[in-house]
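[1] Pasting the sequence and the predicted coordinates here, then a few questions.
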Amino acid sequence: MSYTPLTEASVVTYVRRTGVATELFGDVTDIVAQDLADGNVNLVFRVYSASDPVRKSVIVKQALPYARAVGKEFKMPLDRTRIETEVLRLQAQFAPDQVPKVFHFDEEMHLVMMEDLNQHRIVRTGLIDHIRYPKFAKDIGIFVARTLFYTSDLYLSSEEKKGMVVKFMNPGLCKVTEDLVFTHPFSNHPENRVNPLLSRHVRELRSNTALVAKVNHYKTLFMTQAQALIHGDLHTGSIMVNQDETKVIDPEFAFFGPMGFDLGALIGNLALSYVSQECHIQDAAERVSYQKWLLDTISQIWHTFEDEFLALWNDHAVDWKNGQFQKEYVWRLLQETAGFGGTKMMRRIIGLAHVADMESIADENARAKCESLALNIGSSWVMASGSIRHIDDLLSMMTQARPSIGDDSHD
Ligand code: SR1
Ligand code: MG
């Protein structure tokens, strides 16, 4: 079938024709579809049996030649579905319980059919509802350590690694990140969206030459450091969770890049949640308690990552075993996590794509205060990144930061 974007009606016919649903569920006479698309980029449908919607259900994800939530002028390459499919299959080798199963890939339709995680919820929305997930920190720390270690030069042979770098070249989506994370937010680009109450704060931030120079430094690392096959967009909207399990979805931005970019996305988005709780939780004791859980989660993610990564290194690396080198390597990763994490926090406030943690705060003044606080945490992480020695340094900057605007700001 030549490429045609699917609809709720045509996706049912498509699924019937592939035979995949028959293979998985047997009888498919009563299948129906629901449009689930809520992200920035793709078409996503749930196709399920009306008589058994929980067990007999699949997700069909199809690329559009543009970003769905932005518009047709924002071009995006269709090849991203192949990248996503291959990454999910590869990650299933290192972390089989932490990625959705892939059932079918259609190269012409730029479409992938995968397991429906209908017993899991997007982490970001769970955090907005201040739910605690007891296994999340450990699960995601291990996932990141495994997927990064097993695709790095620490594990792969030089030839194998370089072959994979070529296979996972993802220039179109890397360019989206270069523009939307590192470049546009730090200039007056027309696609940026900024709360008008933040005007003065944002003007000061964009004219801070030292800060913008550091962001440029992280941009060059992103563009040049082929350290491991990174997820490339590991924010809290790319992770699904429940009380027992954690699953990582949406690796369409994956390519060989710096490990700290994934860790920074994760930790930076948890810090955005931490800030947003100032508005989401009215009861002070509950707010402090939930924010403490978020701080502990960040700390546990880092420590789990570090322990697992070094254990894999000691047990499975063919070379590179030198205590001093290992210590410096992990230390540098922490510093780069801070630099990327802080940059990613700021882009969600002053760039094109914002996050529901903040957007769901109805009161503009309250939201501006939270956004200002997020900018101050993000910029302090970036500015201090070169001298950070411990994850607690990042947590202290979170608890000590204050917004640059007051309640009745008319900046
Ligand atoms: C137009 S794409 C905007 C953003 O959504 C994705 O999740 C990436 O973070 C990208 O930058
Ligand atoms: Mg995504």
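    It's in. Numbers count the residues shown, from 1 in each chain. Ligands and ions are numbered 1, 2, ... in the order given.

[2] C-alpha from now on. contacts and neighbour counts both.
    Will do.

[3] Now tell me what touches the helix or strand of the chain with the lowest mean pLDDT from outside.
    Lowest on mean pLDDT, DSSP states H and E among the helices and strands of the chain sits helix 20-25, with a mean of 87. For helix 20-25, the external contacting residues (Cα atoms under 8 Å, 6 or more residues apart in numbering) are 15-16, 28, 56, 58, 103-104.

[4] one more time with 7 Å, if that's ok
    15, 28, 56 (Cα atoms under 7 Å, 6 or more residues apart in numbering).

[5] Of those, which are in range of ligand 1?
    Taking Cα under 6 Å from any ligand atom as the test, ligand 1 is in contact with none of the contacts of helix 20-25.

[6] taking those one by one, which sit in helices?
    Counting by DSSP state H, these place Val15 in helices.

[7] Can you tell me which of the contacts of helix 20-25 is nearest ligand 1?
    Nearest to ligand 1, judged by Cα to the nearest ligand atom, of these is Val15 at 26.4 Å.

[8] how much space between that closest one and Gln326?
    Val15 sits 49 Å away from Gln326, taking Cα to Cα, to the nearest Å as the criterion.

[9] okay, the two: which has more neighbours?
    Val15 (20 against 15; other Cα atoms under 10 Å).

[10] Pull the contacting residues for that one.
    Ala21.

[11] Switch the contacts of helix 20-25 over to JSON lines; also include pLDDT.
    Formatted as JSON lines, the contacts of helix 20-25 follow (pLDDT from 0 to 100):
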{"residue": "Val15", "pLDDT": "94"}
{"residue": "Val28", "pLDDT": "77"}
{"residue": "Lys56", "pLDDT": "92"}
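
[12] Just put the contacts of helix 20-25 in a markdown table and tack on distance to Met109.
    Below are these laid out as a markdown table (distance: Cα to Cα, whole Å):
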| residue | distance to Met109 |
| --- | --- |
| Val15 | 12 |
| Val28 | 22 |
| Lys56 | 23 |
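
[13] what helices or strands is the longest helix along the chain leaning on?
    Taking DSSP H as the criterion, the chain has its longest helix at helix 284-316. If you count contacts as 3 or more Cα pairs under 7 Å, 6 or more residues apart in numbering; DSSP states H and E, helix 284-316 packs onto helix 136-149, helix 259-280.

[14] Contacts for the last one next, please.
    Outside of helix 259-280, the residues that reach it under the criterion Cα under 7 Å, 6+ apart are 127-128, 148, 227-228, 230-236, 287, 291, 294, 298, 333, 336-338, 340-342, 344-345, 357-358, 361, 366, 370, 373-374.

[15] Can you narrow these down to the ones near ligand 1?
    Among those, ligand 1 is touched by Asp233 when using Cα under 6 Å from any ligand atom.

[16] And the residue lying closest to Val355 once chain neighbours are set aside, how far from Val215?
    Excluding the flanking residues, the one nearest Val355 by Cα to Cα, 6 or more residues apart in numbering is Arg348, at 6.3 Å. Arg348 sits 14 Å away from Val215, taking Cα to Cα as the criterion.

[17] all strands of this protein, in order?
    31-35, 43-49, 57-62, 66-67, 71-75, 102-106, 111-115, 121-122, 228-230, 239-241, 246-248, 255-257 (DSSP state E).

[18] Just the C-alpha atoms of the fifth one, please, in PDB.
    Yep, that's strand 71-75 we're talking about. Extracted in PDB, the C-alpha atoms of strand 71-75 (Å, rounded to 0.1, in the frame of the first residue of the first chain):
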ATOM      1  CA  GLY A  71       1.200  22.400  11.100                       C
ATOM      2  CA  LYS A  72       2.100  21.300   7.600                       C
ATOM      3  CA  GLU A  73       4.900  23.900   7.300                       C
ATOM      4  CA  PHE A  74       6.900  22.100  10.000                       C
ATOM      5  CA  LYS A  75       8.400  19.400   7.900                       C
END
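
[19] check whether it contacts ligand 1.
    No: judged by Cα under 6 Å from any ligand atom, strand 71-75 stays clear of ligand 1, getting no closer than 7.0 Å.

[20] Run a quick neighbour tally on Glu308.
    For Glu308, using other Cα under 10 Å, the count is 20.

[21] so what's the closest residue to ligand 1 within the stretch 201-350 of the chain up against?
    Among the residues of the stretch 201-350 of the chain, Asp233 lies closest to ligand 1, at 5.5 Å counting by Cα to the nearest ligand atom. Asp233 sits next to 251, 253, 262, 265 when contact means Cα under 7 Å, 6+ apart.
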